[in-house]
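Q: Could you look at this predicted model? Sequence included:
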Amino acid sequence: AILGTNSVAPLTMAAAYAGIANGGVFCQPIAIDSIVGPEGKKLPGQPQTCTRALDAGIDAATGYAMEGVFSGGTAGAAKPAGVPILGKTGTTNNSWETWTVGSSTKVSTAVWVGNATGNVATRKTRPPKACPGTANQVATLRNCIFKQTMTMINAEYPGGAFPPSPAQYLNGSTKPLP
């Protein structure tokens, strides 16, 4: 499930997309990078565990497709200025839950808007005050939250360009099939 309707934590989704933004290398999320003691001494946090999950070329093609979601697709309203972003949006049946998940080359963020209990259609529910640049419905708040969050994060941790995708993964093979 790309933007699963199963019970999945936003941290899990952010980590999966970070693997695509990281050239196909998946790193287990960690809760603590470091600790600063009362005397100012910096102590290490949890160790980072990373493994290659996708071939770099396939990963670049995947990232290329996912950039389109922010450059002209369903997450256009979520795109922060100045930093390339890849990702995906999603809405469950009856619009009970909506997501915007995306990554720069430095940071990944997942935004979930939905029902913690009960089933209320987020596309038919109006928020008290809509975010700028979104439709006046709870379902589109995900894009506003994502854009504002990533804008602040990108100011501190600016990402760069994603690697170009090998043509073979975008155009396929020109070999005739039997």
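A: Yes, it's here.

Q: How about residues contacting stretch 109-121?
A: Stretch 109-121 is contacted from outside by 10-11, 13-14, 17, 92, 94-103, 122, 138-139, 141-142, 145-146, 149-150, 153, using Cβ atoms under 8 Å, 6 or more residues apart in numbering. The way it works is simple: take the backbone N, C-alpha and C, and place the C-beta from them, glycine included.

Q: if I pick the most centrally placed residue in the chain, what's in contact with it?
A: Central residue of the chain (Cα atoms, centre = their mean): residue 102, 1.8 Å from the mean position. For residue 102, the contacting residues are 17, 69-70, 75, 78, 85-88, 108-109, 146, 150, by Cβ under 8 Å, 6+ apart.

Q: Now it: phi and psi?
A: Torsion angles at residue 102 (phi, psi; degrees, to the nearest 10) stand at phi -160, psi 170.

Q: Quick check: the gap between it and residue 127.
A: Distance, residue 102 to residue 127, by Cβ to Cβ, to the nearest Å: 21 Å.

Q: Residue 91 now?
A: Remark: distance between residue 91 and residue 127 (Cβ to Cβ) = 16 Å.

Q: Next: residue 105.
A: Taking Cβ to Cβ, one finds residue 105 at 32 Å from residue 127.

Q: And for residue 149?
A: Counting by Cβ to Cβ, the gap from residue 149 to residue 127 is 17 Å.

Q: which stretch of helix or strand covers residue 121?
A: Under the criterion DSSP states H and E, no helix or strand holds residue 121.

Q: That one: how many residues sit nearby?
A: Neighbour count of residue 121, defined by other Cβ atoms under 10 Å: 14.
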